[in-house]
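Q: Generate a structure from the sequence data that follows.
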Amino acid sequence: MITVRKGSDRGASNFGWLDSKHTFSFGHYYDPENMGFGTLRVINEDVVSGGKGFGTHPHDNMEIVSYVLEGALAHKDSIGTGSVIRPGDVQRMTAGTGIAHSEFNASSSDPVHFLQIWVLPDKRGLAPSYEQKSFPPEERQGRLTLVGARDGRDGAVTIHQDLDLFVANLGKGDAVTHTLRPRRKAWVQVTRGEVVINGTVIGAGDAAALTDETAVSIGANDNAEILLFDLAA
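A: Numbering: from 1, shown residues only. Take a look at the predicted model:
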């Protein structure tokens, strides 16, 4: 079964410097029908104006993944990490017993466009930690590239949950297929372009939840970018 979550139906917050779309309930946006998908709890699509950002704030007991679509995002945290996240980078921050961090647009003029993803960890009270890896365009073009996994295999960042995260950049006419093992389900988030997922057409900002399927087939109607989450049913 495939269920579409239209981008136009997402929650929204706009503070002038921040334009945010919420796939699942977040902050002041509450939708009891969209509280998450398995252990996937938050997918926020944020555009932050030049020179602006989120001041230092705390988190605990959450896996937080940042994925930049355009621009650059500057990160600092209370465990001493400072970095800039750019397109092709995947950042994982384990909040665990408690961490504070800030996220600011690294440019004073150009906007930064990124996804912030929260995943419930497989256990509470983990030691806070940080990891960032880069996945060059040639590794993501026309194929599903593993960028996050519980065992950190194949060069992926380690996510403390039974979840595999793949990204793919697809040209018009490209197609990829991902096999789902028994008792698994998938969430596909489209960030650019238009794709056909198991026969259903969706576009940028849209997502598809797949349950009781044996595979996820994705074809691109134009240049597209997708994230695919494979997680326990």
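Q: measure the closest residue to Thr179 other than its chain neighbours to Ile226 for me?
A: Leaving aside its chain neighbours, Thr179 sits nearest to Ala215 (5.1 Å; criterion: CB to CB, 6 or more residues apart in numbering). Where you see a C-beta, it was placed from the backbone N, CA and C, and this is true even at glycine. Ala215 sits at a distance of 15 Å from Ile226 (criterion: CB to CB, to the nearest Å).
Q: cool, Ser13 as well?
A: Taking CB to CB as the measure, Ser13 falls 24 Å from Ile226.
Q: related to what we said a few turns ago, which of Ala215 and Ile226 has more neighbours?
A: With neighbours defined as other CB atoms under 10 Å, Ala215 and Ile226 compare such that Ile226 has more, 26 against 11.
Q: what sits opposite that one in the beta ladder?
A: Note on Ile226: beta-bridge partners by DSSP bridges are Ala168, Val190.
Q: Name all residues that make contact with it.
A: 167-168, 170, 188-191, 195, 218 (CB atoms under 8 Å, 6 or more residues apart in numbering).
Q: buried residues in the helix-or-strand element of the chain with minimal mean pLDDT?
A: Between all helices and strands in the chain, the lowest mean by mean pLDDT, DSSP states H and E belongs to helix 137-140, at a mean of 92. Of the residues in helix 137-140, those with enough neighbours to count as buried (16 or more other CB atoms under 10 Å) are Arg140.
Q: for stretch 66-76, same thing?
A: Under the neighbour-count rule (16+ other CB under 10 Å), stretch 66-76 has 66-68, 71-75 buried.
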